[in-house]
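*Asks:* Turn this into a structure:
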Amino acid sequence: MAGIGFELRKLLRSESYLGLLRAYTYASIISSGPWVFSIIGLIAVGVLSLGVVTPDTLITQFQVTVTYLIMASLILTGGLQLGFTRWVADRLFEKRKDDIAPAYFGVVLVTTAVSGALGWLVALLGFNGVGNLYRVLIVVGLTLLSNLWITTVFLS
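*Replies:* Numbering: from 1, shown residues only. Okay, here's the model as predicted:
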């Protein structure tokens, strides 16, 4: 990621509006690209499911559920992601790489416990008229997505 930052700085150094526009365009594509591809993938799943899945309300239910799971997991882990990113950067600067893996497992443990508990609370209280398997899948999906965002920080 640091290499991308250096390239964007080069574009910002050119004292023209075109360089500024290019830098901000590249930065927006880099930062929002994965989300855009996720939305396109979700729409494609919905379109490809038409005529295969009946009734059509199940497709809408799936798309809405996935959208809310992504939203909730990002909101739930946003502060933790920022704090953990900063903490990892500080340990890397101090050349104390051995401290990072245990901290990662601790953050994942906390994320799993909090997202699992909140997921169960919402699944049991907020989803009337759906089966128990659907509720379990909601909780598992929220927990996995929350841990995915933390793991992404760890891997990058």
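*Asks:* any low-confidence regions in this protein?
*Replies:* 1-14, 31, 33 (pLDDT under 70).
*Asks:* on contacts alone, who are the packing partners of the helix ranked longest in the chain?
*Replies:* Counting residues, the longest helix found in the chain (DSSP state H) is helix 57-93. With contacts taken as 3 or more CB pairs under 8 Å, 6 or more residues apart in numbering; DSSP states H and E, helix 57-93 sits against helix 17-49, helix 100-126, helix 132-155. For every residue, glycine as well, the C-beta is placed using N, CA and C.
*Asks:* quick one, the last one and helix 100-126 angle?
*Replies:* What it means is helix 132-155. 150 degrees (axes from the mean of the first three to the mean of the last three CA atoms, to 10 degrees).
*Asks:* How far away from the center of its chain is helix 132-155?
*Replies:* Put simply, helix 132-155 sits 10 Å off its chain's centre (CA atoms, centre = their mean, to the nearest Å).
*Asks:* any idea of the angle it forms with helix 17-49?
*Replies:* 150 degrees.
*Asks:* And the contacts of helix 132-155?
*Replies:* 65-66, 69-70, 72-74, 76-77, 80-81, 84-85, 88, 100, 104, 107-108, 111-112, 114-116, 118-120, 122-124, 127 (CB atoms under 8 Å, 6 or more residues apart in numbering).
*Asks:* That helix: which residues count as buried?
*Replies:* Neighbour-count burial for helix 132-155 flags 135, 138-139, 141-143, 145-147, 149-150, 153-154 (criterion: 16 or more other CB atoms under 10 Å).
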